[in-house]
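next come a sequence and a model predicted from it.
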Amino acid sequence: MGRVLRILAPNPGPFTLEGTNTWIVGADPAIVIDPGPSEPQHLEAVIDAAGSVGAILLTHHHLDHAPGAAWLAAHTGAPVLAARPELGEREVVDGAVIEAGGVSLHVVATPGHAPDHLAFLAEHEGWLFTGDTVLGRGTSVVDPPEGDMAAYLRSLEALRELRPRRLYPGHGPVVERAPEWLAEYLEHRRMRERQVVDALGRTKEPRSPAELASEIYAGYPDELLPAAARTVLAHLQKLQDEGIVTEDHQRFALAGPRGSNTT
Ligand SMILES: [Zn+2]
């Protein structure tokens with residue numbers, strides 16, 4: 001029957017929150033989502049909790065999610081499934097269904113945080129494993145060129161249309177109010193985009209992502225500002241693709257009558 005267990009990886013930090021959530025879904029055999037870093041103590045705890053493992057799924061290949069997969073595969077014999085498989089891993093594609101331990105997980109491509117990002121939906125139970133596309137607290141970093149804000153927003157919309165009941169994120173707590181949280185995530189990104197456009201509209205001078213971030217993210221801890229500047233850049237690139245913003249030497253201005261490079 002369906003069960004979900006969390007084993008928290010020992011890698012807390014400003015972007016990983018309490019650490020990476022390794023999810024164990026179903027039993028005999030279980031599915032493991034995101035083994036996390038290659039820390040034998042953590043991975044032994046995963047095996048102890050999981051019992052037999054039928055498949056190891058990766059939401060994406062970032063260092064806080066994927067490196068433990070090889071160790072776990074070697075110690076369980078389970079295949080590692082990913083959107084862009086590395087050596088020894090197998091490819092899974094959008095729309096595939098992985099069945100093990102009494103649970104069916106539907107694979108949902110969710111590029112944006114990373115181009116190879118996947119989410120996994122247990123349709124019958126309404127459980128959605130969101131990786132870093134949606135966290136249990138705070139917001140996800142979208143860092144170009146890997147990160148793509150337009151793709152990220154499309155992925156959030158796609159997840160919302162799945163109407164999940166509960167979110168199991170890559171970091172942070174389980175989200176019981178899934179529809180509201182997904183709506184808030186979308187609204188938050190729209191708000192940041194408006195803030196970027198408004199900040200560009202206040203001055204005629206083209207501005208850098210770092211300058212915009214220190215204005216928009218005023219009051220945030222300094223250690224988060226470099227990542228905030230990357231997310232601002234992701235918004236700027238989306239706006240540039242839409243013809244709303246122009247770029248010159250990594251400085252950005254509004255296009256059109258108020259832009260600095262129109263005469
Ligand atoms: Zn992560």
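Received, thanks.

break down the protein into its strands, ranges please.
Assigned by DSSP state E, the strands in the chain fall at 4-8, 21-25, 30-33, 53-57, 80-82, 90-91, 97-100, 103-109, 118-122, 127-131, 166-169, 245-248, 251-254.

and for the third one, what's in contact with it?
In this structure, residues lying in contact with strand 30-33 by CB atoms under 8 Å, 6 or more residues apart in numbering are 22-25, 46, 50-59, 72, 78, 98, 100-101, 103, 105, 120, 129, 168. C-betas here are computed from N, CA, C, even on glycine.

so which bits of the protein are right by the ion?
Listed as neighbours of the ion in the chain under the rule CB under 5 Å from the ion: 64, 132, 170.

let's have those in JSON lines, adding pLDDT.
Formatted as JSON lines, those follow (pLDDT from 0 to 100):
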{"residue": "64", "pLDDT": "97"}
{"residue": "132", "pLDDT": "98"}
{"residue": "170", "pLDDT": "98"}
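
just among those, which is most surrounded?
Ranked by neighbour count (other CB atoms under 10 Å), the residues of the chain next to the ion have residue 170 at the top, with 30 neighbours.

circling back: just the buried ones from the contacts of strand 30-33?
22-25, 46, 50, 53-59, 72, 78, 98, 100-101, 103, 105, 120, 129, 168 (16 or more other CB atoms under 10 Å).

domain assignment for the protein?
4-176, 187-254 (automatic domain parsing).

list the contacts of residue 229.
Applying CB under 8 Å, 6+ apart, the residues near residue 229 are 208, 209, 210, 212, 213.

which of those sits closest to residue 248?
residue 208 (11.1 Å; CB to CB).

excluding its backbone neighbours, what's nearest that closest one?
Leaving aside its chain neighbours, residue 208 sits nearest to residue 251 (5.5 Å; criterion: CB to CB, 6 or more residues apart in numbering).

measure residue 25 to the ion for me?
18 Å (CB to the ion, to the nearest Å).

report the buried residues of the longest helix anywhere in the chain.
Once the chain is assigned using DSSP state H, the helix that runs over the most residues is helix 178-202. If you call a residue buried by 16+ other CB under 10 Å, then helix 178-202 has these buried ones: 178, 181, 182, 185, 189, 192, 193, 195, 196, 199, 200.

contacting residues for the spatially closest residue to the second one that is not a sequence neighbour?
Taking CB to CB, 6+ apart, and ignoring the residues beside it in sequence, residue 181 has residue 175 as its nearest neighbour in space, at 4.7 Å. With contacts defined as CB under 8 Å, 6+ apart, residue 175 is in contact with 134, 136, 166, 167, 169, 181.

neighbour-wise, which one of the residues you listed leads?
Neighbour count (other CB under 10 Å) singles out residue 134 as the most crowded of the contacts of residue 175, with 30 neighbours.

what ranges of the stretch 1-150 of the chain fall below the confidence cut-off?
1 (pLDDT under 70).

how about 90 then?
Along the stretch 1-150 of the chain, segments meeting pLDDT under 90 span 1-2, 13-15, 101.

please enumerate the helices of it.
40-50, 68-76, 149-161 (DSSP state H, counting those that start in this stretch).

re the thing from before, what's the longest helix of the chain packed up against?
Helix 178-202 sits against helix 149-161, strand 166-169, helix 209-216, helix 225-241, strand 251-254, with contacts defined as 3 or more CB pairs under 8 Å, 6 or more residues apart in numbering; DSSP states H and E.

export these to JSON lines and tack on distance to residue 111?
Shown next, in JSON lines, are the helices and strands packed on helix 178-202 (distance: least, CB to CB, whole Å):
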{"stretch": "helix 149-161", "distance to residue 111": "4"}
{"stretch": "strand 166-169", "distance to residue 111": "17"}
{"stretch": "helix 209-216", "distance to residue 111": "21"}
{"stretch": "helix 225-241", "distance to residue 111": "12"}
{"stretch": "strand 251-254", "distance to residue 111": "23"}
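
how near is residue 173 to the ion?
From residue 173 to the ion the distance is 15 Å (CB to the ion).

I appreciate the help and will end here.
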